[in-house]
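Visitor: With the input below, show me the fold.
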Amino acid sequence: MAYEESGRSAQSRHPVDERKIEMGRNAGMVKSGFKIVLTVIVSIVMVAGVVLSYTQDLEASRDLEEALQIRTDMQSDILDMRSQIAGKTSNKIIQEYAENILGMRTIDPSQVEYVQIQTDDVVNIPEAEQNIFARMKAWFDNFVEYLRG
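Guide: Numbering: from 1, shown residues only. This is a model prediction of the structure:
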């Protein structure tokens with residue numbers, strides 16, 4: 001009987017050991033499968049990040065090109081407007097406007113009259129009348145100035 005028990009235990013140990021070995025293999029395969037899936041997910045996220053970065057860079061470059069084109073168009077418009085203003089403010093156009101619209105005429109040398117004014121080069125400004133307090137202050141200021149020398 002002891003032999004049978006030891007035989008049974010030997011048989012019973014053997015299938016348990018095989019199950020443990022199979023479970024260990026399966027656990028190792030699950031761990032390695034999990035690592036592979038995790039690596040693939042991290043790789044996809046990294047590639048998506050790089051693609052997103054390039055997309056944003058491309059959009060920023062496109063926005064910059066559009067802004068530079070708008071700036072160039074505006075500078076061209078400014079030059080056009082300046083030339084229009086220069087054309088409208090030329091002496092000939094102003095003279096035509098004055099003659100045709102305002103009815104003005106150019107002056108002839110015979111219409112010029114020179115006037116000479118004979119006056120002195122000195123202008124006399126009469127002093128305003130001062131009240132009694134202003135006169136007393138002026139007298140006091142003159143007295144202090146006299147004392148100082």
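Visitor: C-alpha only now, for contacts and for neighbours.
Guide: Will do.
Visitor: Centroid-nearest residue for this structure?
Guide: Centrality entry for the chain: nearest residue to the mean C-alpha point is Ala67, 12.1 Å, by CA atoms, centre = their mean.
Visitor: helix or strand for Arg82, which one?
Guide: helix 2-88 (DSSP states H and E).
Visitor: pLDDT of that helix, averaged?
Guide: Mean per-residue pLDDT for helix 2-88: 80.
Visitor: swap in stretch 104-121?
Guide: The pLDDT scores in stretch 104-121 average 81.
Visitor: Now do that stretch: distance from first to last residue.
Guide: Using CA to CA, to the nearest Å, the end-to-end distance of stretch 104-121 comes to 37 Å.
Visitor: How far does it sit from its chain's centre?
Guide: Relative to its chain's centre, stretch 104-121 lies at 58 Å (CA atoms, centre = their mean, to the nearest Å).
Visitor: same question, stretch 58-67
Guide: Stretch 58-67 has its average C-alpha position 15 Å from the chain's average C-alpha position, going by CA atoms, centre = their mean.
Visitor: Could I get the CA-only coordinates of it as PDB?
Guide: Taking Å, rounded to 0.1, in the frame of the first residue of the first chain, the C-alpha atoms of stretch 58-67 are listed here in PDB:
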ATOM      1  CA  LEU A  58       2.800  73.300 -42.000                       C
ATOM      2  CA  GLU A  59      -0.300  75.300 -40.900                       C
ATOM      3  CA  ALA A  60       2.000  77.900 -39.200                       C
ATOM      4  CA  SER A  61       4.100  78.200 -42.400                       C
ATOM      5  CA  ARG A  62       0.900  78.600 -44.500                       C
ATOM      6  CA  ASP A  63      -0.400  81.300 -42.100                       C
ATOM      7  CA  LEU A  64       3.000  83.100 -42.300                       C
ATOM      8  CA  GLU A  65       3.000  83.000 -46.100                       C
ATOM      9  CA  GLU A  66      -0.600  84.500 -46.200                       C
ATOM     10  CA  ALA A  67       0.400  87.200 -43.800                       C
END
